[in-house]
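K.L.:
here are the coordinates; sequence isn't available:
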């Protein structure tokens with residue numbers, strides 16, 4: 001699992017959720033997780049979630065921490081399970097020292113009544129992809145939100161921890177799959 005934090009800010013527009021984005025943009029070939037900071041400007045016409053499209057609910061934030069994951073050779077259902085693993089890891093990391101209380105509902109995170117994250121898993125012709133975005137600030141969001149800044153969390157430090165932990169989990173799953181003997 002290749003992991004990389006991108007220092008440059010990138011505006012997430014939905015175009016990043018296409019196969020081989022990390023390879024074409026950063027030369028990362030294979031299963032990868034990339035984190036970066038930047039705004040989110042996702043118009044309805046580029047959304048993948050049909051429920052959001054039908055409710056005409058574009059996503060906008062002036063500053064988010066984004067994770068883009070790409071896996072090859074797995075189904076959309078397994079990708080959705082990995083999406084939820086990623087969200088659980090983020091919640092664990094945020095709740096680790098007890099200063100922050102974040103809860104997971106499905107593939108979203110909340111702090112109090114404020115929605116902290118957006119997330120989707122999709123399937124391309126050659127891979128599956130996950131986007132998870134965490135609000136850094138809450139100004140300008142279309143719904144009631146929570147942000148990492150108000151929780152006192154530095155996005156860069158959180159990103160580095162999640163990149164390591166997600167890679168360790170995926171590698172651990174691969175090891176666990178290989179080390180068991182077949183049972184009759």
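P.N.:
In hand now; what should we look at? Because the structure is predicted, anything quoted here is derived from the model rather than measured.
K.L.:
biggest strand in this structure, by residue count?
P.N.:
Counting residues, the longest strand found in the chain (DSSP state E) is strand 59-71.
K.L.:
the next helix or strand after it to strand 59-71, inter-axis angle?
P.N.:
Going down the chain from strand 59-71, the next helix or strand is helix 76-95, by DSSP states H and E. Angle, helix 76-95 to strand 59-71, by axes from the mean of the first three to the mean of the last three Cα atoms, to 10 degrees: 120 degrees.
K.L.:
what sits up against helix 76-95?
P.N.:
67, 69, 71, 74, 100-104, 106-109, 117, 119-123, 128-130, 132, 134, 151, 153, 158, 161-162, 165-166, 169-170 (Cβ atoms under 8 Å, 6 or more residues apart in numbering). Any C-beta I mention is one placed from the backbone N, CA and C, and that applies to glycine too.
K.L.:
out of these, list just those in strands.
P.N.:
Among those, DSSP E puts 67, 69, 71, 103-104, 108-109, 117, 119-123, 128-130, 132, 134 in strands.
K.L.:
among those residues, which ones are buried?
P.N.:
Buried by 16 or more other Cβ atoms under 10 Å: 67, 69, 71, 104, 109, 117, 119-123, 128-130, 132, 134, out of the ones in strands among the contacts of helix 76-95.
K.L.:
what's opposite the residue minimising distance to the centre of the chain in the beta bridge?
P.N.:
In the chain, the residue lying closest to the centroid (Cα atoms, centre = their mean) is residue 132, at 2.3 Å. Taking DSSP bridges as the rule, residue 132 bridges to residue 67, residue 119.
K.L.:
for residue 41, list each beta-bridge partner.
P.N.:
Under the criterion used (DSSP bridges), residue 41 bridges to residue 60.
K.L.:
got the contact list for it?
P.N.:
11-13, 60.
K.L.:
of those residues, which is the nearest to residue 36?
P.N.:
Taking Cβ to Cβ as the measure, residue 36 lies nearest residue 12 of these, at 8.3 Å.
K.L.:
state the number of residues packed around that closest one.
P.N.:
By the criterion of other Cβ atoms under 10 Å, residue 12 has 22 neighbours.
K.L.:
look up how far residue 173 lies from it.
P.N.:
Going from residue 12 to residue 173 by Cβ to Cβ, to the nearest Å gives 27 Å.
K.L.:
repeat that for residue 153.
P.N.:
Going from residue 153 to residue 173 by Cβ to Cβ gives 27 Å.
K.L.:
buried set for the least confident helix or strand in the chain by mean pLDDT?
P.N.:
In the chain, no helix or strand scores lower on mean pLDDT, DSSP states H and E than helix 50-54, which sits at a mean of 83. In terms of neighbour count (16+ other Cβ under 10 Å), helix 50-54 has its buried residues at residue 52.
K.L.:
starting at the chain centroid, how far to it?
P.N.:
Put simply, helix 50-54 sits 19 Å off its chain's centre (Cα atoms, centre = their mean, to the nearest Å).
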